[in-house]
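Student: Just a sequence and a predicted model for now, questions to come.
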Amino acid sequence: MSRANGFSTASSAPTFRPSARVRDLSKYTGYRHCAVLHRDTRFLPRKAVGGKGIYIFLEDGTKFLDSTGGAAVSCLGHGHEKVKQAIIDQTNTISYCHTAFFGTGVSEELAQFLVDSTGGKLSKVYMISSGSEAVEAALKLARQYFLELPTPQPQRTRFIARKPSYHGITLGALAAGGHVLRRQPFEPLLPQNISHVSPCYPYRGKENGETDADYVARLAAELDAEFQRVGPENVCAFVAEPVVGAALGAVPAVPGYFKAMKAVCERYGALLILDEVMSGMGRCGTLHAWEQEDVIPDLQTIGKGLGGGYAPVSGLLIGEKIVQTLDKGTGVFRHGQTYQGHPISCAAALAVQKVIQEENLLENIRNMGIYLETQLKGRLGDHPYVGDIRGKGLFWGIEFVKDKSTKEPFSPEMGVAAHIQETGLDPTYGISLYAAAGCVDGTRGDHVLLAPPYIVTKDEIDLIVETTARVLEHVFTKVVKV
């Protein structure tokens, strides 16, 4: 097995057990008695015992630099007093009630805040607990929309998404994603009504001499051809991440791409679903990533930066035409969850969003994002094994290649990105570098993500960049035999 993000991946690859995680578990009596099914059954992670700002404190005394916010989640860092107090206050008010019976003031206030943040362009919010759940809800609501039209279109059962992409781990969301390694064990279980087109990935997708406009036109033609192949009257929606996160490594689209994709959708009456679970809620410099793309989605998923990790929370923002269609039809979204609209989760999310607004953190994201880009490219741009540095706001990816001129990736068996992540976890460095593999073709290609909290300072960025450079130096001189 090779590994990416702590997951077992391809069974055809040899076992990779980086030195930073190796323990003689036969001598560690606590291993067999641990009741938690960890991400690796043969690895017992070190325990986190606290956190403040950009740091997590571990039981062994390590002060760990959380430069990725976990998985681009901890947007305010750790231990923010206002958010902690909001959770306590909500707990003292009411911690849970079922939405089939009751509503709560905090869920209404959060929903209004989110609707207002879109300028009313998206008019309702469905609050749930995880990004995967939000994508599942989006797929089901898209389908139900076509069933609720005055003239129903029950033949619309298909979705089109993109290759190397990730939309969640539940079966519907996993099928929408094009992440080969995560899909592989479950392919026989996945719905067969979702097909995939090429991503907007200029580093590898643009042809020599091709302009952005020509590249966009080619990708739009490919999407159009896929509509024609499956029958345009059969498609519910096109699903895409405005900035591709884990699957490609913080890859933004070229200008005009999403406007062209939405035009194809509108041509055939399909919806546009933008998955902003990782890239949204400020991560890319505007509260919603689509604000920079000259498009308005019909459905938008949000998650990680919504609650900043203080409570499990995600949401689905819904366009008015879908709301009106549902209201004039059955009036019932046939999809419900026990913890939807959970009061404590809503209180945490509302507090996080108020802090972002009150402390003008979107401006800090933009300013520190420019600084992070400058420092990364200045320090690592000439690195012999760094092929591309890309991103937006405080969401950046570094792609590694064996040959810069040909862009040849490393062999998957080498586990380059996993080695980098594991080396960063070593107390010598104490930094999170979110690793993934498969950005080239689903199996080949290594990259890491950086996603520091919105409160990050220049000094902290300098530390992140310098520590990252030290990790890369160690990996490419001591670990990976190029």
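Tutor: Right, received. Where do you want to start?
Student: mind checking pLDDT for Pro45?
Tutor: Confidence at Pro45, expressed as pLDDT, is 89.
Student: Tell me the spacing between it and Ser411.
Tutor: Pro45 sits 27 Å away from Ser411, going by C-beta to C-beta, to the nearest Å. For glycine as for every other residue, the C-beta is placed from the backbone atoms N, C-alpha and C.
Student: mind listing the helices for the stretch 1-150 of the chain?
Tutor: 29-33, 69-72, 81-93, 105-117, 131-148 (DSSP state H, counting those that start in this stretch).
Student: ugh, wrong one, the stretch 201-350 of the chain
Tutor: 202-205, 212-230, 257-267, 304-307, 320-328, 343-358.
Student: which one of those helices lies closest to His80?
Tutor: Nearest of those to His80, taken as C-beta to C-beta: helix 343-358 at 6.7 Å.
Student: give me the number of residues near Glu148?
Tutor: Using other C-beta atoms under 10 Å as the criterion, Glu148 is surrounded by 21 other residues.
Student: Report the contact partners of the residue sitting nearest the centre point of the chain.
Tutor: With distances taken as C-alpha atoms, centre = their mean, Met278 lies nearest the centre of the chain, 2.9 Å away. Contact analysis of Met278 by C-beta atoms under 8 Å, 6 or more residues apart in numbering lists Ala71, Ala72, Gly131, Glu241, Val243, Gly245, Ala246, Gly303, Lys304, Phe395.
Student: pLDDT at the closest residue to it other than its chain neighbours, what is it?
Tutor: For Met278, ignoring the flanking residues on the chain, the nearest one in space by C-beta to C-beta, 6 or more residues apart in numbering is Gly245 at 3.7 Å. pLDDT for Gly245: 96.
Student: Which among the contacts of Met278 count as buried?
Tutor: The neighbour-count criterion (16 or more other C-beta atoms under 10 Å) marks Ala71, Ala72, Gly131, Glu241, Val243, Gly245, Ala246, Gly303, Lys304, Phe395 among these as buried.
Student: Assess the claim that the last one and Arg283 are in contact.
Tutor: What that stands for is Phe395. Yes: applying C-beta atoms under 8 Å, one finds Phe395 in contact with Arg283, separated by 4.9 Å.
Student: Name the spans of the stretch 351-482 of the chain whose pLDDT lies under the cut-off.
Tutor: Scanning the stretch 351-482 of the chain with the threshold set as pLDDT under 70 gives 482.
Student: Let me see the ranges of the strands in it.
Tutor: 386-392, 395-400, 434-437, 446-450 (DSSP state E, counting those that start in this stretch).
Student: so which of those strands gets nearest Ser314?
Tutor: Nearest of those (C-beta to C-beta): strand 395-400, 17.7 Å.
Student: starting at the chain centroid, how far to that closest one?
Tutor: Strand 395-400 has its C-alpha centroid displaced from the chain centroid by 14 Å (C-alpha atoms, centre = their mean, to the nearest Å).
Student: quick one: that strand to strand 386-392, angle?
Tutor: 170 degrees (axes from the mean of the first three to the mean of the last three C-alpha atoms, to 10 degrees).
Student: Dump the strands of the stretch 351-482 of the chain to CSV, plus distance to Thr325.
Tutor: Shown next, in CSV, are the strands of the stretch 351-482 of the chain (distance: least, C-beta to C-beta, whole Å):
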stretch, distance to Thr325
strand 386-392, 33
strand 395-400, 34
strand 434-437, 38
strand 446-450, 37
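Student: Which among these is found nearest to Gln90?
Tutor: strand 395-400 (29.3 Å).
Student: got the domain boundaries for the chain?
Tutor: Following the TED database, one gets these domains for the chain: 25-79+361-480, 81-359.
Student: shaky segments in the stretch 1-150 of the chain?
Tutor: Ranges of the stretch 1-150 of the chain meeting pLDDT under 70: 1-32.
Student: cutoff 80 now
Tutor: 1-33 (pLDDT under 80).
Student: Alpha carbons of stretch 413-425, in CSV - could you do that?
Tutor: C-alpha atoms of stretch 413-425 as CSV (Å, rounded to 0.1, in the frame of the first residue of the first chain):
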residue,chain,number,x,y,z
GLU,A,413,5.7,3.7,-5.3
MET,A,414,8.1,6.4,-4.0
GLY,A,415,5.3,8.0,-1.9
VAL,A,416,6.9,11.5,-2.2
ALA,A,417,4.0,13.6,-0.9
ALA,A,418,3.4,11.1,2.0
HIS,A,419,7.1,11.2,2.9
ILE,A,420,6.9,15.0,3.0
GLN,A,421,3.8,15.0,5.3
GLU,A,422,5.4,12.4,7.6
THR,A,423,8.6,14.3,7.8
GLY,A,424,6.7,17.4,8.7
LEU,A,425,5.1,15.5,11.6
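Student: how about that stretch: buried residues?
Tutor: Met414, Gly415, Val416, Ala417, Ala418, His419, Ile420, Gln421, Glu422, Thr423, Gly424, Leu425.
Student: who's in contact with the closest residue to Leu287 other than its chain neighbours?
Tutor: Nearest residue to Leu287, sequence neighbours excluded (C-beta to C-beta, 6+ apart): Ser117, at 5.3 Å. Taking C-beta under 8 Å, 6+ apart, we find Ser117 in contact with Leu287, His288, Gln353.
Student: got the phi/psi numbers for the first one?
Tutor: It stands for Leu287. phi -60, psi -40 (degrees, to the nearest 10).
Student: pretty sure it contacts Glu276?
Tutor: No: in this structure Leu287 lies outside contact range of Glu276 using C-beta under 8 Å: 9.7 Å.
Student: Can you pick out the residue with more neighbours from those two?
Tutor: Higher neighbour count among Leu287 and Glu276: Glu276, with 29 against 22, using other C-beta under 10 Å.
Student: Roughly how far does the nearest residue to Val479 once chain neighbours are set aside sit from Gly77?
Tutor: Spatially, and ignoring its direct neighbours in sequence, Val479 is nearest to His419 (5.3 Å; C-beta to C-beta, 6+ apart). With the distance defined as C-beta to C-beta, His419 ends up 27 Å from Gly77.
Student: likewise Gly369?
Tutor: Counting by C-beta to C-beta, the gap from Gly369 to Gly77 is 16 Å.
Student: same check, this time on Ile398
Tutor: Taken as C-beta to C-beta, the span from Ile398 to Gly77 is 22 Å.
Student: higher neighbour count, the two?
Tutor: More neighbours surround Ile398 than the other of Ile398 and Gly77, with 26 against 22 (other C-beta under 10 Å).
Student: Was I right to think the more buried one contacts Gly381?
Tutor: No: using C-beta under 8 Å, Ile398 is not in contact with Gly381; the gap is 10.1 Å.
Student: what sits in contact with each of the two?
Tutor: Shared contacts of Ile398 and Gly381, counting by C-beta under 8 Å, 6+ apart, come down to Ile389.
Student: Okay, buried residues for stretch 184-191 please.
Tutor: For stretch 184-191, it's none, nothing buried (16+ other C-beta under 10 Å).
Student: What's the end-to-end length of it?
Tutor: In stretch 184-191, first residue to last residue: 13 Å (C-alpha to C-alpha, to the nearest Å).
Student: next one: stretch 390-403
Tutor: End to end - C-alpha to C-alpha - stretch 390-403 spans 18 Å.
Student: which of the helices of the stretch 201-350 of the chain sits most buried?
Tutor: helix 304-307 (a mean of 30; mean count of other C-beta atoms under 10 Å).
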